[in-house]
Every structure is written in structure tokens, then in C-alpha cells.
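**Q** Predicted model and sequence below, questions to follow.
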Amino acid sequence: MHDDIEHILISEEEIQTKIKEMGKAISEEYDSRFPLVIGVLKGALPFMADIIKRVETHLEIDFMDVSSYGKGTVSSGEVKIIKDLDTTVEGRDVIILEDIIDSGITLNYLISLIKHRGAKSVKIITLLDKPDGRKVDLVPDVAGFIVPDAFVVGYGLDFAERYRNLPYIGVLKPKIYNNEAAASETL
Ligand SMILES: O=P(O)(O)OC[C@H]1O[C@H](OP(=O)(O)OP(=O)(O)O)[C@H](O)[C@@H]1O
Ligand code: HPA
Ligand SMILES: [Mg+2]
């Protein structure tokens, strides 16, 4: 698995140090407000698991599973809800946790949906931001790291469902996704 990585962009230690800082900021801002923290599956799972342990105020968690990438490296532009929230967001202070904002299409859709459902406030916290990938106008409230316009994997981020379990963020060797594209063209 590690052999498929061209280089490590953000180490495990850098990720964990940043998450501690982000958790502290959430604790201070949301003290006594009982925020509803929504993780966007599947990519945000490791980030969510780590950051909530660094928040020192009561919070509630819930998940949405949406997908717009399928097996490829380019957004299809269409967001599909695979699993909706169990919780009512009306009147709640909502924090949406994402692993990455790339085109912005996924979050653009989620923000409208949650505002439409009557949330009191919506804050966007992403571990990674790839501003060069943007297709819609969207700026996160908090971004851990800015990443270049390359397909990155690890720490929740996948390519064709693999590499989510890497503890760091890395850039995949182009031959890995070129091979996959060639294989799917011959199907
Ligand atoms: O800004 P965008 O271009 O919309 O891309 C970002 C979204 O794409 C990825 O999810 P994906 O749809 O691949 O599902 P996954 O989290 O299950 O991998 C990632 O986890 C973000 O949710
Ligand atoms: O760079 C990326 N890597 C993995 N998943 C993604 N989803 C959007 N951008 C990316
Ligand atoms: Mg993905």
C-alpha cells in the first residue's frame, strides 16, 4: 500500500497536532451550546473520530453518507444521499466535518440542505482544502491544511475505496489511477 504513494504531503504527527488545535478552538467557541457535529461519510470518519476527542464540551454526533465521485478522481457533479441524518437539525448549532473540499459540490449541496432544514448556525470545518479544484464558490470556516491540485489519499481519503487507512496524507503515483482508468475502459 505505501509503495503506491509518490510522497507524503502531511505526516501523521502534523495531522494530530493540527487536530488538537482545532478541537481546542471548537471547545472555546461552542462551550454550553451542545453543537450537532455531522461527519460526512465515508472520508471524514478518521478526522471525526480524532477531533471529537479533543473537544471538551458536550456535543452530539450524527452522520450523512453522500457520494459524488464513484470510482474516479473527478466529481460527477451529482450528489447522492446514501444515508440521511437521524437527528432534526432545526434550531441546532451544526458543525459539518469534512476530510476535503475540492470542487465544493458536495458541501455546497449539504450546506443548502441543512440551512433549508432550519439549522440555527452552520459551520464548515475541513481537514484539507484544495482551492484550485473549486467549481463553486465556497470558503470553509476552518481548514486544517491547504493541499495542491493533486489527487491525495490517506486518513479517510480514498482512491477506489483504498488507502483510507493510511495514517498520513499522501499523493498517489499517477500510474495507479491511470492503470485503473485503462482497466475500466476495457470493461
Ligand atoms: O468538494 P468535492 O469535489 O465535492 O469533494 C469532496 C468530497 O468528495 C469526497 O467524498 P466522496 O464523494 O468521494 O465519498 P467518500 O467520502 O465516501 O469517499 C470527500 O470525502 C468529500 O466529501
Ligand atoms: O484529492 C482527493 N482525494 C480523494 N478524494 C477526493 N475527493 C475529492 N478530492 C479528493
Ligand atoms: Mg472519496
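**A** Looks like it arrived, so ask away. Ligands and ions are numbered 1, 2, ... in the order given.
**Q** Pull the CA coordinates from stretch 156-169 and hand them back as CSV.
**A** C-alpha atoms of stretch 156-169 as CSV (Å, rounded to 0.1, in the frame of the first residue of the first chain):
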residue,chain,number,x,y,z
GLY,A,156,-10.0,8.8,5.2
LEU,A,157,-9.4,9.8,1.7
ASP,A,158,-9.7,7.1,-0.9
PHE,A,159,-9.0,6.2,-4.4
ALA,A,160,-11.5,3.5,-5.5
GLU,A,161,-12.2,2.7,-1.8
ARG,A,162,-8.5,2.0,-1.0
TYR,A,163,-5.9,4.0,1.1
ARG,A,164,-8.4,5.3,3.7
ASN,A,165,-6.5,3.5,6.4
LEU,A,166,-3.1,5.3,5.8
PRO,A,167,-2.3,7.4,8.9
TYR,A,168,-0.9,10.2,6.7
ILE,A,169,-2.0,12.2,3.6
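**Q** now that stretch, how far from the centre of its chain.
**A** Stretch 156-169 has its C-alpha centroid displaced from the chain centroid by 12 Å (CA atoms, centre = their mean, to the nearest Å).
**Q** Tell me which residues of that stretch come out buried.
**A** Neighbour counts using 16 or more other CB atoms under 10 Å place Gly156, Leu157, Asp158, Phe159, Tyr163, Arg164, Leu166, Tyr168, Ile169 of stretch 156-169 among the buried residues. Every C-beta, even on glycine, is put in place using the N, C-alpha and C of the backbone.
**Q** Backbone dihedrals for the second one, please?
**A** For Leu157, the backbone dihedrals (degrees, to the nearest 10) come out as phi -80, psi 130.
**Q** Please tell me how far it sits from Gly43.
**A** Taking CB to CB, to the nearest Å as the measure, Leu157 falls 6 Å from Gly43.
**Q** Contacts (any at all) between ligand 1 and stretch 41-51?
**A** Yes. Under the criterion of CB under 6 Å from any ligand atom, stretch 41-51 makes contact with ligand 1 via Leu41, Lys42, Gly43.
**Q** Can you pull up the residues of this structure that come close to ligand 1?
**A** Counting by CB under 6 Å from any ligand atom, the chain sits next to ligand 1 at 40-43, 67-69, 75, 98-106, 158.
**Q** Ramachandran coordinates for Ile26?
**A** Per degrees, to the nearest 10, the backbone of Ile26 is at phi -60, psi -40.
**Q** State whether it and Lys53 are indeed in contact, as I suppose.
**A** No. Using CB atoms under 8 Å as the test, Ile26 is too far from Lys53 to be in contact (11.5 Å).
**Q** Show me which of these two is the more surrounded one.
**A** Per other CB atoms under 10 Å, whichever of Ile26 and Lys53 has more neighbours is Ile26, with 24 against 11.
**Q** Where does the prediction get shaky in the protein?
**A** 69-73, 76, 180-187 (pLDDT under 70).
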